[in-house]
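A.B. asks: 3D model of this:
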Amino acid sequence: MKQYLEGHGMYMDKRLLKKPEHASLRQVVDAIINSTDSSALKSDSIQRLNKRVQSAETYDEATVLGTILPCIIRSDRTLSHSKVRVEELGLSDILLATDEDFEESGMDFVFDQKLTRNFMPNLYLDTVFKEDAAKAQQEYLGIKCPKPDRVYGLSRNAYARPSHCVARSSTLDLMEVVPTLHHPFYLIESESSNGNTGTAEFQASCGGATIVHAARLLLEQTGQNDQEEADGIDQRTFIFSTTLDSSFIKFWVHFAVLESIGQTQQKRVTYHMEHLRSVHFLVGEGNLAILRRICYNILDWGVRGRDAMLRQRCSDIWRFEDAWVAEKACQSEVSAAKREQEARDRRPQFNAAKLRKMALQPHITGEAQNNGNVFIDARSL
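C.D. replies: A predicted model of the protein is given here:
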């Protein structure tokens, strides 16, 4: 499976961020996950989590996601009071906001939802074989449209489309690649203790690549071209993920890399999933505190850290869509007028002189003579 994904430009843990030339993204990511200590678990939370872990008869997926994970990521979590500024790292919009509910700030999440469309990268995306390729992946390799256990993003109301703006359906599909969510930034995949953790990592790789790819397609379709980064990494579209089992939690980052291939310098995009940190949450209270802090820092970044960037991005998207639709409407009106003129040009022209002559000297049909009436026979015109 891993080898097959690499053949289609998706790579897992190639230690790319450990290379000096890719230090920029690594610094940005480290600043996000290590930004503050204010999200540490309190003693009562640690006791509650330990009690649930010890009382669990089996560590199946339902237990991990339904019992253990809610102790780590509480639904009533509030945003941090502290502020983290990393302008020097190229992510000037990381500002963690004041005490405010995650959900009130626009965050939302979904459980076990298949992505709206299969935007998972493959070599045939730009050819007529893309549908056949996706079908073959599913039938012969079991690679289906990703269906993450949990995905965090923003609600539809966040940076909503202005009421006067008309957008293409393809743009709206890309905006909502995860059902009911916009701008997804964090996904979670779990496997039971009897399962294979590698399977969770494989699923996270497919889901992360799909979300990053869809984000890139959205920017490309709405006129926001690639920014020429020195290291080739697209820092506009990276997201995070977590894979977990009954004892270990791993944190990952997903991103796209632009490469120039051969003498022609043809552009090639590859999608990467790089390991950031592992936490054994059954050993030591310190690990539990680290775990809670990293999870909340990612959520804080997803909700507030991207605010300025997403406001500008959505403004550009809706402006482009409005202009695109208006231009097409204008082109449609011009085409309609042209078709009408062509139809008018093909219409038979009456001979005005002949019409006047026939009107003065009408052809009288036999029936008309019998009735004493005079008619112009239209067939003679």
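
A.B. asks: could you pull out the strands for the chain?
C.D. replies: 10-12, 107-111, 150-154, 182-190, 233-244, 248-261, 266-280 (DSSP state E).

A.B. asks: Does A204 touch S190 like I think?
C.D. replies: No. If you go by Cβ atoms under 8 Å, A204 and S190 don't touch, sitting 9.9 Å apart. For every residue, glycine as well, the C-beta is placed using N, CA and C.

A.B. asks: Need the overlap of contacts for these two.
C.D. replies: Residues touching both A204 and S190 by Cβ atoms under 8 Å, 6 or more residues apart in numbering: T243.

A.B. asks: which one of the two has more residues nearby?
C.D. replies: Under the criterion of other Cβ atoms under 10 Å, the comparison of A204 against S190 puts S190 first, with 28 against 25.

A.B. asks: Can you tell me what sits against stretch 312-331?
C.D. replies: With Cβ under 8 Å, 6+ apart as the criterion, stretch 312-331 contacts 159, 161-162, 164-168, 171, 175, 218-219, 222-224, 236.

A.B. asks: switch to 10 Å and redo it
C.D. replies: 93, 158-162, 164-168, 171-172, 174-175, 182-183, 215, 218-219, 221-224, 236, 306 (Cβ atoms under 10 Å, 6 or more residues apart in numbering).

A.B. asks: In it, which residues are buried?
C.D. replies: For stretch 312-331, burial by neighbour count (16 or more other Cβ atoms under 10 Å) applies to R313, C314, I317, W318, F320, E321, D322, W324.

A.B. asks: with those residues in mind, which one is nearest to E21?
C.D. replies: Comparing those against E21 with Cβ to Cβ places R313 closest, at 26.5 Å.

A.B. asks: Return the per-residue confidence for the closest one.
C.D. replies: Predicted confidence (pLDDT) for R313: 94.

A.B. asks: separation between it and L291?
C.D. replies: Taking Cβ to Cβ, to the nearest Å as the measure, R313 falls 31 Å from L291.

A.B. asks: What is the neighbour count of the closest residue to N157 other than its chain neighbours?
C.D. replies: Using Cβ to Cβ, 6 or more residues apart in numbering and skipping the chain neighbours, the partner closest in space to N157 is G106 (6.8 Å). Residues lying near G106 (other Cβ under 10 Å) number 20.
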